[in-house]
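A.B. asks: build me a model from this:
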Amino acid sequence: MADGIPKIAVQENLPILGTNNLTAAGLVSQPPCRTFIPDMLAINASAPGAQAYYDSVIGQWAEQGIDFVYLDGVIQDCAPTAHCWLGEIALIADAMKRLGNGPPKILLSEPPSPRYLK
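C.D. replies: Numbers count the residues shown, from 1 in each chain. Predicted structure coming up:
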């Protein structure tokens, strides 16, 4: 799983499942946090609808029997963007606790960093 919300959902201002009139555009962090996947935008974890967005993703996966999430590219160098990742991780964990198949199982991975490529 890549954290954040697809840019195309934001561009098309798609509705957030489980909310009344909240859309993808209202979830994006301002100023936007850097993301690992270029097609994704970081979510403001305190935005109305942020939990509902992750509830919709995790709920769908739980219905399909998925009980493990590999969250790719979220561990950064404690840069100014760290607040974005931590908030989103908390939203995902909360959704898994309430909607998942048992205790949350999340594996976090770090994206390639220039400090490791030298």
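
A.B. asks: how about the helices in this structure?
C.D. replies: 7-11, 50-63, 82-99, 114-117 (DSSP state H).

A.B. asks: and these: which comes nearest residue 108?
C.D. replies: helix 82-99 (7.1 Å; Cβ to Cβ). Glycine gets a C-beta too; all of them are placed from N, C-alpha and C.

A.B. asks: what's the angle between the closest one and helix 50-63?
C.D. replies: 50 degrees (axes from the mean of the first three to the mean of the last three Cα atoms, to 10 degrees).

A.B. asks: export helix 82-99 to PDB, keeping only CA atoms.
C.D. replies: Provided in PDB are the C-alpha atoms of helix 82-99 (Å, rounded to 0.1, in the frame of the first residue of the first chain):
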ATOM      1  CA  ALA A  82       7.500  13.400   9.300                       C
ATOM      2  CA  HIS A  83       4.200  14.600  10.700                       C
ATOM      3  CA  CYS A  84       2.400  13.500   7.500                       C
ATOM      4  CA  TRP A  85       3.600  10.000   7.700                       C
ATOM      5  CA  LEU A  86       3.000   9.600  11.400                       C
ATOM      6  CA  GLY A  87      -0.600  10.800  11.100                       C
ATOM      7  CA  GLU A  88      -1.400   8.600   8.100                       C
ATOM      8  CA  ILE A  89       0.100   5.500   9.900                       C
ATOM      9  CA  ALA A  90      -2.100   6.200  12.900                       C
ATOM     10  CA  LEU A  91      -5.200   6.500  10.600                       C
ATOM     11  CA  ILE A  92      -4.400   3.200   8.900                       C
ATOM     12  CA  ALA A  93      -3.700   1.400  12.200                       C
ATOM     13  CA  ASP A  94      -7.000   2.700  13.700                       C
ATOM     14  CA  ALA A  95      -9.000   1.500  10.600                       C
ATOM     15  CA  MET A  96      -7.300  -1.900  10.900                       C
ATOM     16  CA  LYS A  97      -8.200  -2.200  14.600                       C
ATOM     17  CA  ARG A  98     -11.800  -1.400  14.000                       C
ATOM     18  CA  LEU A  99     -12.400  -3.000  10.600                       C
END
